[in-house]
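Colleague: Starting from these lines, generate the structure:
(chains A and B)
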2 protein chains.
Amino acid sequence: MSKSSSSAVHPIKSEEIGTQEENLTKPMSDLHNIDPELIQRMVYDALVWSSIHGLLVGDKSVQKSGKVPGVGMVHAPVALFPTSFPESHWKQACEVSPIFNELIDRVSLDGEFLQDSLSRTKMVDDFTSRLLDIHSKMLENGKREEIRLGLHRSDYMLDEQTKLLLQIEINTISASFAGLGSLVSELHRSLLNRYKEQLGLDSGRIPVNTAVNGFAEALAKAWEEYSNPRAVVMVVVQPEERNMYDQHWLSTVLKERYDVATIRKTLAEIDEQGVLLPDGTLLIGDQAIAVIYFRTGYAPADYPSESEWRARFLMEQSSAVKCPSISYHLAGTKKIQQELAKPNVLERFLENKDDIAKVRKCFAGLWSLDDSDIVKDAIERPEFYVMKPQREGGGNNIYGDDVRKSLLRLQEEGTEENAAYILMQRIFPIIAPTYLLRDGICHKDHAISELGIYGAYLRNKDRLIMNEQCGYLMRTKVSSSNEGGVAAGFAVLDSVYLN
Amino acid sequence: MSKSSSSAVHPIKSEEIGTQEENLTKPMSDLHNIDPELIQRMVYDALVWSSIHGLLVGDKSVQKSGKVPGVGMVHAPVALFPTSFPESHWKQACEVSPIFNELIDRVSLDGEFLQDSLSRTKMVDDFTSRLLDIHSKMLENGKREEIRLGLHRSDYMLDEQTKLLLQIEINTISASFAGLGSLVSELHRSLLNRYKEQLGLDSGRIPVNTAVNGFAEALAKAWEEYSNPRAVVMVVVQPEERNMYDQHWLSTVLKERYDVATIRKTLAEIDEQGVLLPDGTLLIGDQAIAVIYFRTGYAPADYPSESEWRARFLMEQSSAVKCPSISYHLAGTKKIQQELAKPNVLERFLENKDDIAKVRKCFAGLWSLDDSDIVKDAIERPEFYVMKPQREGGGNNIYGDDVRKSLLRLQEEGTEENAAYILMQRIFPIIAPTYLLRDGICHKDHAISELGIYGAYLRNKDRLIMNEQCGYLMRTKVSSSNEGGVAAGFAVLDSVYLN
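Modeller: The predicted model follows:
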């Protein structure tokens, strides 16, 4: 009655391309020589694959697409090919991931270091100031986070001249695309397999991407540590979220693999519905919360009123596992990144000399605006610097001649405002031809890429439960669309081809 | 480096509902008593599930959604719950499926029967006439189809009064929703599992749905029989197709499980690019075609010009396996269905008395308009009849008082036009409360359902290769939206809950 076994079918491969596959696979640099008709077929297949495998985002031209799932969907913007990346630098980025996880945890425990390092930023940046206020209150109350969960993404660029892998930033709050990123790796593997004959590329060189499973596992284990079987994971979301399918993938894996339920609430809803019980339990309505997973709350715009700040404070007071806690959030700021790059600061948090060397090797030049020699050099040679505001959200960086102008203005005004910025060495990544796929249309252009490495960390008091590199995301964008950096808004999702 | 095993996590179920599950599962009739808040959660989960698992269609409000994959997508319209169906009738429909497959094959071989049965229809129905012309030419040329592939869907309704499972029609061309139908069964299973505690329904009562695998297997085996490893399967498509993801699922399974490639061409493109080699090989450009799989060509509107008819004729002359051949197409027409229901006609094609009895048991009353007693009765009691035009495409049936008016008009005019219709016993299916999900919105209404059983059949000369029931599709629609029948355009996709 049911279908018979498929074993009776032995399709004959239409062409054998030789037995020594290794010798025949090409580097990725030949991309511009590919037959346009082949590209067209690959684009069609990529669009179909993305659609039926859930590699989706909400279409911003459809009003409801950020509110209601299942309507106004469009394939996620993706690169048609994975981006070539040296295996040695790939290994370096993976190896340093658990060390960064541990570093963030150690820094988060040093309340004084966080408050001191950010004290001048506090005076000029309202947003950081509000976060620090919550942090201070927690310190005053002697609140300790015993179960600490970190779901990070550390972003790197490969500097073409020095061949160094340099960290752009580490995201300790709302690190996105673990769900869709895993799918992009599968999409690329599928395309390279399907067109193996024509392309001669080896899909085995795309690293396995377990980002979504790793994050789900960490959330599940954190939920288990909380030890309330009736409690759920709460995803704190923006009122409109066109990247909702990335989040739904994580919730789906969490439910299907670990039988852990999630609810989704905005900060305003949490303020309205949230109650703190005397024992620290956070209730939303009558639902106890085991783990609070932030997919909002990282930028000033996420707090349009006092309601959102009340919600953040309420959650921080609770016993729920916070991903991230206010300390983890602060430990991921650019100012702390710059402080950690100062001589002898890493040594405060890490003991192992090898670990310290590995972390330091990833640091680009990072300076505060107090450093008059560097400021002078940046005014003279602004093309070698990026000026980064402390506040998050991307797209606010200052490049090129604007660095000079901004520094001169700050000098003239003589205010405290310079504490709102850091200076960073400008990284010049490799520019490579790429096919970018967006809204069903393929564009060929020259692009730069940024590698994100996902890390998951879980600790309960002295017991380390999980500390892993658990996947990756390449983001690629047209090199001329911005002076540098890969802003999330303009980038397409991509994967890695090791060479 | 990679994520650790998940075995360390042992989530505790939030509530055990007892060990004797069988005693606790409820019938589906309690649907109207479900907590609206639970329905809301299920709707959200159903929308998410559909989106990330490829249960999609093109959104008709987005212009490009029928042309370009990956843009303008919306979840397929679905029922929130599977529809209750008696296990005995389910088994009956599955059991008769291979017999119908065989019957269609036998009828297709009897060219004279097809021509004679449709001779009067030919005079009044241009579309059937064109199909018969092609059929005649093939008979004249002595063209024989040696590899014969049937991918059918036989549709049934359960008559409430008589409790009989009655066949509505059998689709021998372009039977759709094998891809999405399989997914709907999975969606319902997922929802019943997730809400087992609250609903008390047993997901095991949803039959496993292998429609897409069964169809892919049959196409792969037909491709293999054709024995040209460089040839591909050609899906003949409409210029715009919002149900493209149903088709893409089939092509994807065909490629990934059987490594058989597909191309997609419209009838106009086939006319333009198609060439017939002296040995019968059909080339599209320089690509040989092993199997022609029609997802268009069943309705007059699919042939807007002579170009499309030329393409159909060209394909029919080729050696490619046609799904369907012109004979299979004609064997599935309503007029042939009515002829087969006449006394002693089934006996021309089937030997086994049991098989004949099983097929006959599914036949509703079917009459030609030559039958003056029936026509007289239908004029007097039109509510017990449906008048069906020979031409396909759905939505053209005549119900209620219009039956009387139409029959009287045909009598007055005294033309041959009555040969364009058949009369069928009106079936009154069970009306049940249903939740229908469309464009992200859930409606509760009273609805009727039609069960489609997929059958796959493959023969090479005397060698029977495959003859199976291979899946199902329930289609459900609001009972007041039409006088009867379940028109595809208004129905939502659904699955079966056996009771």
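Colleague: Go ahead and confirm residue A:391 touches residue A:300.
Modeller: Yes - under the criterion of Cβ atoms under 8 Å, residue A:391 lies in contact with residue A:300, with a separation of 6.3 Å. Using the backbone N, CA and C atoms, a C-beta is placed for each residue, glycine as well.
Colleague: If you count surrounding residues, which of those two has more?
Modeller: When residue A:391 and residue A:300 are compared on other Cβ atoms under 10 Å in any protein chain shown, the one with more neighbours turns out to be residue A:391, at 18 against 14.
Colleague: For the residue lying closest to the more buried one once chain neighbours are set aside, pull up the helix or strand it's in.
Modeller: Using Cβ to Cβ, 6 or more residues apart in numbering or on different chains and skipping residues adjacent in sequence, the residue nearest residue A:391 is residue A:127, 5.3 Å away. Applying DSSP states H and E as the criterion places residue A:127 in helix A:126-140.
Colleague: Tell me the buried residues in that helix?
Modeller: Residues A:127, A:128, A:130, A:131, A:132, A:134, A:135, A:138, A:139 are the ones in helix A:126-140 that count as buried (16 or more other Cβ atoms under 10 Å in any protein chain shown).
Colleague: Of those, just say which sits nearest to residue B:318.
Modeller: residue A:127 (69.2 Å; Cβ to Cβ).
Colleague: From chain B, how far out is that closest one?
Modeller: Distance check for residue A:127 against chain B: by Cβ to the nearest Cβ, to the nearest Å, it reads 32 Å.
Colleague: quick one: residue A:497 from residue A:438, how far?
Modeller: Using Cβ to Cβ, to the nearest Å, one gets 21 Å for the distance from residue A:497 to residue A:438.
Colleague: rewinding a little: now the helix holding residue A:127, how far from the chain's geometric center?
Modeller: Relative to the chain's own centre, helix A:126-140 is displaced by 24 Å; criterion: Cα atoms, centre = their mean, to the nearest Å.
Colleague: cool, and stretch A:264-273?
Modeller: The gap between where stretch A:264-273 is centred and where its chain is centred comes out at 24 Å by Cα atoms, centre = their mean.
Colleague: any residues touching it, and which ones?
Modeller: A:234-239, A:247, A:284-285, A:296-297, A:302-303, A:305, A:307-308, A:310-312, A:314-315 (Cβ atoms under 8 Å, 6 or more residues apart in numbering or on different chains).
Colleague: These in helices, which ones?
Modeller: Among the contacts of stretch A:264-273, the members falling in helices (DSSP state H) are A:247, A:307, A:308, A:310, A:311, A:312, A:314, A:315.
Colleague: The first one: what's it in contact with?
Modeller: By that I understand residue A:247. Applying Cβ under 8 Å, 6+ apart to residue A:247 gives the contacts A:179, A:235, A:237, A:241, A:264, A:295.
Colleague: and with 7 Å instead?
Modeller: A:179, A:235, A:295 (Cβ atoms under 7 Å, 6 or more residues apart in numbering or on different chains).
Colleague: Whichever strand or helix holds residue A:378: which residues count as buried?
Modeller: Under the assignment given by DSSP H and E, the secondary-structure element containing residue A:378 is helix A:372-380. Buried residues in helix A:372-380, defined by neighbour count with 16+ other Cβ under 10 Å: A:374, A:375, A:378, A:379.
Colleague: Show me what that helix is packed up against.
Modeller: helix A:401-413 (3 or more Cβ pairs under 7 Å, 6 or more residues apart in numbering or on different chains; DSSP states H and E).
Colleague: ok, back up a step: quick check, nearest of the ones in helices among the contacts of stretch A:264-273 to residue B:39?
Modeller: Comparing those against residue B:39 with Cβ to Cβ picks out residue A:247 as the nearest, at 22.6 Å.
Colleague: follow-up on the earlier one: need the buried residues of helix A:126-140 in a markdown table with distance to residue A:434 and pLDDT, can you?
Modeller: Formatted as a markdown table, the buried residues of helix A:126-140 follow (distance: Cβ to Cβ, whole Å; pLDDT from 0 to 100):
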| residue | distance to residue A:434 | pLDDT |
| --- | --- | --- |
| A:127 | 34 | 95 |
| A:128 | 36 | 95 |
| A:130 | 40 | 97 |
| A:131 | 37 | 97 |
| A:132 | 41 | 98 |
| A:134 | 42 | 98 |
| A:135 | 41 | 98 |
| A:138 | 45 | 98 |
| A:139 | 47 | 97 |
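Colleague: ok, the closest residue to residue A:111 other than its chain neighbours to residue B:172 distance?
Modeller: When the adjacent residues along the chain are set aside, residue A:111 lies closest to residue A:139, with 4.7 Å between them (Cβ to Cβ, 6+ apart). Look at residue A:139 and residue B:172: by Cβ to Cβ, they are 76 Å apart.
Colleague: can you check residue A:467 too?
Modeller: According to Cβ to Cβ, residue A:467 and residue B:172 sit 60 Å apart.
Colleague: Please say which of these two ends up with more neighbours.
Modeller: More neighbours surround residue B:172 than the other of residue A:467 and residue B:172, with 31 against 19 (other Cβ under 10 Å).
Colleague: mind listing what the residue nearest to the more buried one when sequence neighbours are not counted touches?
Modeller: Beyond its immediate neighbours in the sequence, the residue positioned closest to residue B:172 (Cβ to Cβ, 6+ apart) is residue B:332, lying 3.0 Å away. Contacts for residue B:332 (Cβ under 7 Å, 6+ apart) come out as B:104, B:170, B:171, B:172, B:173.
Colleague: where does residue B:332 land on pLDDT?
Modeller: The pLDDT attached to residue B:332 in the predicted structure is 96.
Colleague: now it: how far from chain A?
Modeller: Counting by Cβ to the nearest Cβ, the gap from residue B:332 to chain A is 22 Å.
Colleague: Of all the residues in the stretch 251-400 of chain A, which one is nearest chain B?
Modeller: residue A:259 (4.6 Å; Cβ to the nearest Cβ).
Colleague: ok but residue A:40 is inside a helix, no?
Modeller: Yes - residue assignment for residue A:40, taken from DSSP: H, G, I helix; E, B strand; the rest coil, places it within a helix.
Colleague: before we move on, the earlier item: got the phi and psi for the residue nearest to residue B:172?
Modeller: According to degrees, to the nearest 10, the main-chain angles of residue B:332 amount to phi -100, psi 10.
Colleague: Look up how far residue B:229 lies from it.
Modeller: Residue B:332 sits 31 Å away from residue B:229, taking Cβ to Cβ as the criterion.
Colleague: Could you do residue A:241 as well?
Modeller: With distances taken as Cβ to Cβ, residue A:241 is found 48 Å from residue B:229.
Colleague: more neighbours, these two?
Modeller: residue A:241 (22 against 15).
Colleague: Let me know the pLDDT of that one.
Modeller: Here, the pLDDT recorded for residue A:241 equals 97.
Colleague: Kindly report the same for residue A:94.
Modeller: Model confidence at residue A:94, expressed as pLDDT, equals 98.
Colleague: For the helix or strand containing it, name the packing helices and strands.
Modeller: Element membership of residue A:94, judged by DSSP H and E, is helix A:87-109. Under the contact definition 3+ Cβ pairs under 7 Å, 6+ apart, helix A:87-109 sits against strand A:147-158, strand A:165-171, helix A:326-331, helix A:346-349, helix A:353-362, strand A:441-460, strand A:463-478, strand A:496-498.
Colleague: for that helix, which positions count as buried?
Modeller: Along helix A:87-109, the positions that meet the burial threshold by neighbour count (16+ other Cβ under 10 Å) are A:89-90, A:92-94, A:96-108.
Colleague: isn't residue A:262 right next to residue A:254, touching?
Modeller: Yes - contact criterion Cβ atoms under 7 Å: residue A:262 and residue A:254 qualify, at 6.2 Å.
Colleague: Next, see if stretch A:232-242 gets close to chain B.
Modeller: No - counting by Cβ under 7 Å from any Cβ of the partner chain, chain B has no neighbours in stretch A:232-242; the shortest distance is 9.1 Å.
Colleague: Any idea how far apart the tips of that stretch sit?
Modeller: One end of stretch A:232-242 to the other measures 24 Å (Cα to Cα, to the nearest Å).
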